[in-house]
Every structure is written in C-alpha cells, then in structure tokens.
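**Q** model the following, please.
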Amino acid sequence: MGHTLQSFAARCREILKAENNPAGRSKVSALLQDALKDEQFVASNLTDATPERKILYEDPELGFCILAHSYSGPKDSPPHDHGPSWAIYGQARGETAMSDWELVEPASPEKPGKVRKTRSYKLTPGVAHVYNERDLHSPSRAGATRLIRIEGTNMEKVKRLKFEPV
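**A** The predicted structure is shown next:
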C-alpha cells in the first residue's frame, strides 16, 4: 500500500498518541523506513524545488513535525542535540555520514559544552535513525542529499545550546 503525507502523518500521530516515548519513536522510525521505500511518497515530498528545510506537517495536538530537507551540495553540521525534543532522520537520496558524541562538559547559554566522538556510521537511502532527547550527533553530507525528518516539536521555536569537539 502506498503512502501519502496525510496517511503517513495520521499513522505517526496514532503511534505517538499511544506511545510518545522511545518505543513509540522506534515504531515511527520503522514506518518512515517503509515510506522511504515508496518512490511515489519520496518523489511527491522531495522535489527539485524543496528547500533545505520545509515543514510538511505539524501536528496541532502532539506538536511533532514532519519535514523535508534537500541539500544540493556538501553541508556539515556541528555536534548538536535537539534539546528537550527528539528527532528521526530518514535518508531518501544520497548519503549522510553521521557521528554520535558523548558529553564531556555540559553546555550553558554562556559557554559551549565539550563533546567527544564515540562512533561514525552512514545513513543511506531507506535508513531511518532515532535521536532521543539529548542524544548528541552531527551529520555531514559530501554531496546532494534528501531526507525526511521528524521532530518531536518544531525546533525553530527551541533555543539550543552549542557544543564543541575535544
């Protein structure tokens, strides 16, 4: 059965309403992996006109967002978390080199925290990965990539702290 944005969002909502916790997010991640195998779903939500960040759906009750991301060339992000929220990255096109980090020294609004890399891995088309609250990670893209990402809340409204590698 094919996915539409509406059916995908409704299923995510159903899962998260029942289990808004790591177990529920794991189920949403599996659902996203299935949706990423649906060429029509990917093509209709990630086009040549898709910007680097586009909110496709924002749930009015639970607050989670489904986003489309399209990067035309290389792009690196520093180590970060999603503060009090979580995120699920789902790779649709291209490849993202992802690194996980452990906290060495906490961050504050006045001073970046210190982090140490613990592992690196690749997100390839069809792969989705959950980052729970305070999970530190950093994506790196060597070329054009497209992904669907789900945030626990609209991160445009969240002030985040900065982290530096040691």
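**Q** would you mind measuring from Val115 to Ser29?
**A** Distance of Val115 to Ser29, given as C-beta to C-beta, to the nearest Å: 23 Å. C-beta here means a position set from N, CA and C on the backbone, and glycine is covered the same way.
**Q** more crowded one of the two?
**A** Comparing Val115 with Ser29 by other C-beta atoms under 10 Å, the one with more neighbours is Val115, at 25 against 18.
**Q** find the nearest non-adjacent residue to that one, please.
**A** Trp101 (4.0 Å; C-beta to C-beta, 6 or more residues apart in numbering).
**Q** tally of neighbours for the one you found?
**A** By the criterion of other C-beta under 10 Å, Trp101 has 23 neighbours.
**Q** what's the answer for Gln6, then?
**A** By other C-beta under 10 Å, the residues close to Gln6 number 9.
**Q** equivalent analysis for Glu19, please.
**A** 14.
**Q** cool, and Ala9?
**A** 19.
**Q** cool, Val127 as well?
**A** Applying other C-beta under 10 Å, I find that Val127 has 20 neighbouring residues.
**Q** the residue of the chain most remote from its centre: helix or strand, and which one exactly?
**A** Most distant from the centre of the chain: Glu110, at 26.4 Å, with distances by C-alpha atoms, centre = their mean. Under DSSP states H and E, no helix or strand contains Glu110.
**Q** what do you get for the one 10 residues further on?
**A** Per DSSP H and E, Ser120 falls inside strand 113-123.
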